[in-house]
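Enquirer: Sequence and predicted model, in that order:
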Amino acid sequence: MRVTNLRTIIVELPLARPTLNSSGVGHDRIRCVLVFLDTDVGVTGESFLFTNGGRRIEVLESMVTSLKPAVVGADIRHAERIWEKLWRELYFLGHKGVTIFGLAAIDTALWDAKGKALGASVSSMLGSAHDRIPVYSSAGLWLSSTPDELAKEAAGYIAQGFAGVKMRLGKKHVEEDVERVAAVRKAIGPKVSLMCDASRGFTADHAIRLGRKLEAFDLTWFEEPVPPYDHRASGRVAAAIDTPIASGETEATRYGFREMLAHGSADIWMADLGRVGGVSEFIKVAHLAAAHDIAISNHLFTEQSVSLLGAFANATWLEYMPWTAMLYRERIAIEDGHVAVPDRPGLGFTFDPDAIERYRVR
C-alpha cells in the first residue's frame, strides 16, 4: 500500500457573494490546490488547500510538491511515521504557516487513501463517537450587511434547516454591533444557536465591553475577539464574560493549542485542517482538548471535517461553508439541524472530475 505519485491541480471557485469581516480584506473567489496521492493498490487519496481571492496559491502548491520525494514510496498505513518524517524535513523553514499547510495536505490525503484502501471511513478508524453533528451556517451575515439585511438572511438559513448561524462583528462603535446582533436574534428566535465572529478585530478592552452587552442575546460563542497571537488578551476576555470564547483557526499544530491552554484563551477550540497540520495533528488537538474538557469544532474544510468531528466525543458544531461544495460528487445534506457523519471509505467526499475541469486554472 504505497504512494506511487503526488499530483496537484489548481482550480478557481467563484463565491456566491463577496465576503467582508473586520480584517477589511474581502474576496469574491478562492483558489484551491487539489492534491492527489496515487497508490499501488488502485486508490487515490485526496485533499486540498486554498487561499482567499486566489492570492499566493502557487506558494502552497510549491510547498506541497517540494515534499513529493519524501512521500513517494511511503506506506499509506504509516501516516504518523510519515508526518514525523516531514516534520523533520521542515525544521530549517520552521513549523508554522506555509510549511505546515504543505504537510497538512499530504497527511490528509494519506488518511483518505488509507480509508479507501481498507474500505473504512476515517471516523470509524478513529472510533466513531457520533453518527451526526449539529451544523451552523457560516456562509454569510458579513460585516457589510445592514441590520435589516442580516435579519432577512439569517431567517433564510434557518428555513434551510440549519440549527445555528454565525454573523460577523467589527463595527467601530459597540452599539452598532449590539444593534446588528439584536436584529439577528429577533429574526431567528430564542432557540436557534447564534455565534458571533469578531475575526480578530478588537482590543481586549473593546471585546470585554462588547461581550458583556452581548450576553443578553445568549450567544453560543464569541469567536476570535482579539488577534490570535495574543493568548493573554484572549484569556482576559474569556475570564471577564460569561459567553464562551471560540478560537484556534489560525493555530499551527498541537503546540499552538498547548499555548492556548496555558493562557485559558478559549473555551471551544476550532482547528483548521490546513493550518493545524492535517488529520494526524487534528487528532492530537482533539485529544488534548478532551483531556481538559474543552469542546472542539472545525474551521472551514467542511466536507473533510465531518468525519473527523464524528470521531470525537468532545466535538460540538460543524461549520458549514459552501465555498468548495461544487468540487465534490457527494453533497452535505442537513436534516433536523444536523449532518450525518459519512460511512463511506476515507474522508467520505471525492472530487468530481467534471467540476475540476470546469474550474481548472489553465
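Expert: That came in fine, so what should we check first?
Enquirer: The residue in the chain sticking out farthest from the centre and Ile76, how far apart?
Expert: The outermost residue of the chain, judged by C-alpha distance from the chain's mean C-alpha position using CA atoms, centre = their mean, is Asp40 at 30.8 Å. Using CB to CB, to the nearest Å, Asp40 is found at 9 Å from Ile76. For the C-beta atoms, the positions are set from N, CA and C on the backbone; glycine is no exception.
Enquirer: between these two, what contacts are shared?
Expert: Common neighbours of Asp40 and Ile76, using CB atoms under 8 Å, 6 or more residues apart in numbering, are 1-2.
Enquirer: Do I have it right that the residue farthest from the centre of the chain meets Thr4?
Expert: Yes - when contacts are counted by CB atoms under 8 Å, Asp40 is listed as touching Thr4 (5.3 Å).
Enquirer: okay, and for this structure, where does confidence drop off?
Expert: Per-residue confidence of the chain (counting by pLDDT under 70) places the weak regions at 24.
Enquirer: Any idea which residue is closest to the centre of it?
Expert: Residue closest to the chain centre, computed by CA atoms, centre = their mean, is His299 at 1.9 Å.
Enquirer: where does that one fall, phi/psi-wise?
Expert: Here is the backbone geometry of His299 (degrees, to the nearest 10): phi -120, psi 110.
Enquirer: now Ser307
Expert: Backbone torsions of Ser307, given as degrees, to the nearest 10, read phi -60, psi -40.
Enquirer: Kindly report the same for Arg29.
Expert: Summarising the backbone geometry of Arg29 under the convention degrees, to the nearest 10, its torsions are phi -160, psi 160.
Enquirer: Next one: it from Pro322, what distance?
Expert: Per CB to CB, Arg29 is found 13 Å from Pro322.
Enquirer: swap in Thr203?
Expert: The gap separating Thr203 from Pro322 is 32 Å, by CB to CB.
Enquirer: Same question for Leu103.
Expert: Computed as CB to CB, the Leu103 to Pro322 distance reads 27 Å.
Enquirer: How about Pro342, nearest residue that isn't a chain neighbour?
Expert: For Pro342, ignoring the flanking residues on the chain, the nearest one in space by CB to CB, 6 or more residues apart in numbering is Gly348 at 3.0 Å.
Enquirer: ok, the one you found touching Leu308?
Expert: No - contact between Gly348 and Leu308 fails when scored by CB under 8 Å: they sit 10.4 Å apart.
Enquirer: still on that earlier bit, bridged to the residue nearest to the centre of the chain, which residues?
Expert: In this entry, His299 is beta-bridged to Asp272, by DSSP bridges.
Enquirer: quick one, what contacts Asp267?
Expert: By CB under 8 Å, 6+ apart, the contact list for Asp267 reads 221, 238, 244-246, 294-295.
Enquirer: Just those: which are in strands?
Expert: Residues of these located in strands (DSSP state E): 221, 245-246, 295.
Enquirer: which two in these are spaced the farthest apart?
Expert: In terms of CB to CB, those reach their longest pairwise distance at Ile245 and Ala295, which sit 11.5 Å apart.
Enquirer: Pick out whichever of these two has more residues nearby.
Expert: For the pair Ile245 and Ala295, the greater number of neighbours falls to Ile245 (24 against 20), based on other CB atoms under 10 Å.
Enquirer: correct me, but the more buried one touches Thr220?
Expert: No - Ile245 is beyond contact range of Thr220, at 11.3 Å (criterion: CB under 8 Å).
Enquirer: between these two, what contacts are shared?
Expert: Any residue near both Ile245 and Thr220 by CB under 8 Å, 6+ apart counts here, and not one turns up.
Enquirer: How are the strands of this protein distributed by residue range?
Expert: Taking DSSP E as the criterion, the chain carries its strands at 3-14, 29-39, 44-52, 132-137, 164-168, 193-197, 221-223, 245-247, 268-272, 295-299, 318-320, 334-335, 338-340.
Enquirer: orientation of the third one relative to strand 3-14 in degrees?
Expert: With axes from the mean of the first three to the mean of the last three CA atoms, to 10 degrees applied, the angle from strand 44-52 to strand 3-14 works out at 40 degrees.
Enquirer: hang on, Asp131 packs against Leu309?
Expert: No - at 11.5 Å, Asp131 does not count as touching Leu309 under the criterion of CB under 8 Å.
Enquirer: Report the set of residues contacting both of these two.
Expert: Shared contacts of Asp131 and Leu309, defined by CB under 8 Å, 6+ apart, are found at Val341.
Enquirer: Spell out which residues make up each domain of the chain.
Expert: In the domain annotation for the chain, the residue ranges read 3-120+352-359, 124-340 (automatic domain parsing).
Enquirer: ranking the ones you listed by burial, who's on top?
Expert: Comparing the domains of the chain by mean neighbour count (mean count of other CB atoms under 10 Å), domain 124-340 comes out on top with a mean of 20.
Enquirer: Please compute how far it lies from its chain's middle.
Expert: Relative to the mean C-alpha coordinate of its chain, domain 124-340 is positioned 9 Å out (CA atoms, centre = their mean, to the nearest Å).
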